[in-house]
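# build me a structure from this.
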Amino acid sequence: MIVFDGSGSMAEMGFNKIDVPRIIEAREALHSVLPQIAAMRRLGLVVYGPGGDAECKSTELHFGPRPDAARPISAAVDAIDPTGNTPLTEGVRLAAEALEYRTRAGAIVLVTDGDETCGGAPCQLAADLAAEGLDLTVHVIGFKVRSSHFRWDSERDTEAVSNARCLADRTGGEYFSAESVQDLIGALRVTLGCNVFGALTRP
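Okay, the predicted model is just below:
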């Protein structure tokens with residue numbers, strides 16, 4: 001299952017104001033890797049945060065794992081209006097349920113540019129998934145994550161880590177920091193099991 005960040009921060013550009021919005025680069029990365037990956041793996045999609053929902057209820061299961069899912073995933077991500085909050089914990093929980101994680105093995109790849117902002121507890125969810133799941137692995141890709149503390153050199157602040165990292169740590173997954181489209185492409189290929197096409201240096 002891919003859990004994709006459609007929150008308002010994905011519409012933001014870098015602090016230097018010359019970058020493109022994160023959502024544009026994330027779409028580019030998915031368009032690049034999905035045709036190869038979907039030919040070999042069944043994929044599903046959860047999107048959280050789009051549509052300007054101030055009540056943190058904008059989490060949607062588009063579909064569970066299915067073959068040849070490249071086009072429907074790309075279409076869903078292309079249609080995102082990234083203007084809401086970040087209920088990433090609920091997004092991961094919904095993906096785990098779609099995988100029937102208590103009785104089946106599965107993997108989740110969370111793509112996020114920051115932290116939970118809707119009161120969810122990603123580390124508690126991580127503990128629950130590890131304790132209750134048959135064999136569930138959560139990988140987390142932090143895409144251009146930035147510290148919540150302002151710095152004049154924030155455009156170079158590449159050391160920030162999403163508070164969702166514990167989801168990977170507690171379930172045997174990996175955390176990747178991605179700062180470019182190519183970084184994100186590499187992280188997606190590795191976490192979705194297609195690292196024969198490329199790799200990413202781990203932090």
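
# could you pull out the helices in the protein for me?
Secondary structure of the chain by DSSP state H: the helices cover 22-38, 70-78, 88-98, 122-132, 165-171, 181-191.

# hey, which of those is tucked in deepest?
helix 88-98 (a mean of 24; mean count of other Cβ atoms under 10 Å). (C-beta placed from N, C-alpha, C; glycine too.)

# could you list the low-confidence segments of the protein?
Scanning the chain with the threshold set as pLDDT under 70 gives 14-18, 53-54, 147-159, 194-203.

# how about the contacts made by the spatially most central residue of it?
Taking Cα atoms, centre = their mean, the centroid of the chain lies closest to Val111, which sits 1.4 Å from it. The neighbours of Val111, taking Cβ atoms under 8 Å, 6 or more residues apart in numbering as the test, are 2-5, 26, 141, 143, 184, 188.

# one more pass at 10 Å, please.
Residues in contact with Val111 (Cβ atoms under 10 Å, 6 or more residues apart in numbering) are 2-6, 10, 22, 26, 29-30, 77, 88, 139-143, 176, 178, 184, 187-188, 191.

# and if you look at Asp113?
So Asp113 contacts 5, 7, 9-10, 12, 22-23, 26, 82, 86, 141-146, 162, 178 (Cβ under 10 Å, 6+ apart).
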